[in-house]
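S.K.: Need coordinates for the below:
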Amino acid sequence: MVQVKGLNLGKGHPKICAPMIGDTREELLREAILAKEAGADLVEWRIDYYEDVFQYEKVTETLVLIHEMLDGLPVLFTFRTIAEGGKRDITIRAYHELYLQMIRSGLVDMVDLELDKIESLEKELLAEIKQRNIPMIISSHNFKETPADPVLLYQLNMMEHLGADIGKIAVMPHNERDVLRLMELTRRAGAFVSMPLITMSMGQLGMISRLSGNLTGSVMTFGALTSEKASAPGQITVKELKSIIKLLN
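M.R.: A predicted model of the protein is given here:
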């Protein structure tokens, strides 16, 4: 179980995270209000969408205001590149500096780092995240396929080895078998790793995987603030997720 601001990830029903993908400060503040009103358990600031992402002073000012709007909801800080389903690309040096600045600001409650980038980052960053007791998600995204089970298990083991508090895998299914295979792997992953997991099969085909965390053990799911503002294929809205998860539980 991972605790952040009183929210227990890994205890009770899967928690609903609302990605905020506004380009401007004004859009982000509106999204923060929507997330609170919709009943999200936490938000993810997808900062790759933000127009001033490389102006650290503006990022910090915006984070302060986001926290005011959220009134206590935790903030997960994430940058995704285009290859990872994000809005823009970034050099490893800039990625490292952005995360370092944000964890030192004291304004992010969790961070998400991509597995493929970890080896290129300076050890100082991971050490400081741990030192500051900021829960760290290490994630892997595959928009082409659902890799074989041994590959997925290897990724999960690498995440735990690198110090992840939570491991996240998002994959694209080609058929129903891929979806069921990921769900079954999530259910039995406790035999291989001890960290909590977030898993999802993307797109319309994989939508069931976003709803089944109470059965498989996936501790978090992501819901869009509006039907027009999904940050990944197959997301449904926070309100719909909340209703369905309540019914399933």
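S.K.: can you pull out the helices in this structure?
M.R.: For the chain, the helices defined by DSSP state H cover 25-38, 56-70, 92-105, 115-118, 123-131, 149-161, 176-188, 213-216, 238-248.
S.K.: could you redo those as TSV and give each row distance to Ser139, mean neighbour count and mean pLDDT?
M.R.: Where you see a C-beta, it was placed from the backbone N, CA and C, and this is true even at glycine. Shown next, in TSV, are those (distance: least, CB to CB, whole Å; neighbours: other CB atoms under 10 Å; pLDDT from 0 to 100):
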stretch	distance to Ser139	mean neighbour count	mean pLDDT
helix 25-38	20	18	96
helix 56-70	21	16	97
helix 92-105	14	16	96
helix 115-118	6	17	94
helix 123-131	14	14	94
helix 149-161	8	16	97
helix 176-188	14	17	97
helix 213-216	16	17	92
helix 238-248	19	16	90
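S.K.: Include distance to Arg46 when you put the ones you listed into JSON lines, please.
M.R.: Formatted as JSON lines, these follow (distance: least, CB to CB, whole Å):
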{"stretch": "helix 25-38", "distance to Arg46": "10"}
{"stretch": "helix 56-70", "distance to Arg46": "12"}
{"stretch": "helix 92-105", "distance to Arg46": "13"}
{"stretch": "helix 115-118", "distance to Arg46": "16"}
{"stretch": "helix 123-131", "distance to Arg46": "19"}
{"stretch": "helix 149-161", "distance to Arg46": "20"}
{"stretch": "helix 176-188", "distance to Arg46": "23"}
{"stretch": "helix 213-216", "distance to Arg46": "21"}
{"stretch": "helix 238-248", "distance to Arg46": "15"}
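S.K.: Pull up the per-residue confidence for the closest residue to Lys246 other than its chain neighbours.
M.R.: Closest residue in space to Lys246, ignoring its immediate chain neighbours: His13 at 7.9 Å, by CB to CB, 6 or more residues apart in numbering. With respect to pLDDT, His13 has a value of 90.
S.K.: Equivalent analysis for Ala232, please.
M.R.: As predicted, Ala232 sits at a pLDDT of 72.
S.K.: re earlier: between the helices of the chain, which one is nearest to Phe222?
M.R.: helix 238-248 (8.5 Å; CB to CB).
S.K.: For the closest one, name the packing helices and strands.
M.R.: Identification of packing neighbours for helix 238-248 by 3 or more CB pairs under 8 Å, 6 or more residues apart in numbering; DSSP states H and E yields strand 15-20, helix 25-38, helix 213-216.
S.K.: Give me the helices and strands touching the second one, please.
M.R.: In terms of contact count using 3+ CB pairs under 8 Å, 6+ apart, helix 25-38 is assigned the packing partners strand 15-20, strand 42-46, helix 56-70, helix 238-248.
S.K.: one more time with 7 Å
M.R.: In this structure, helix 25-38 packs against strand 15-20, helix 56-70, with contacts taken as 3 or more CB pairs under 7 Å, 6 or more residues apart in numbering; DSSP states H and E.
S.K.: which residues sit against the first one?
M.R.: Among residues not part of strand 15-20, those counted as contacts by CB atoms under 7 Å, 6 or more residues apart in numbering are 7, 9, 28, 31-32, 35, 38, 40-46, 76, 219-223, 225, 231, 238, 241-242.
S.K.: so how far is Leu215 from the residue nearest to Thr216 when sequence neighbours are not counted?
M.R.: Once flanking residues are discounted, Thr216 sits nearest to Thr186: 4.2 Å by CB to CB, 6+ apart. Noted for Thr186: a distance of 9 Å to Leu215, by CB to CB, to the nearest Å.
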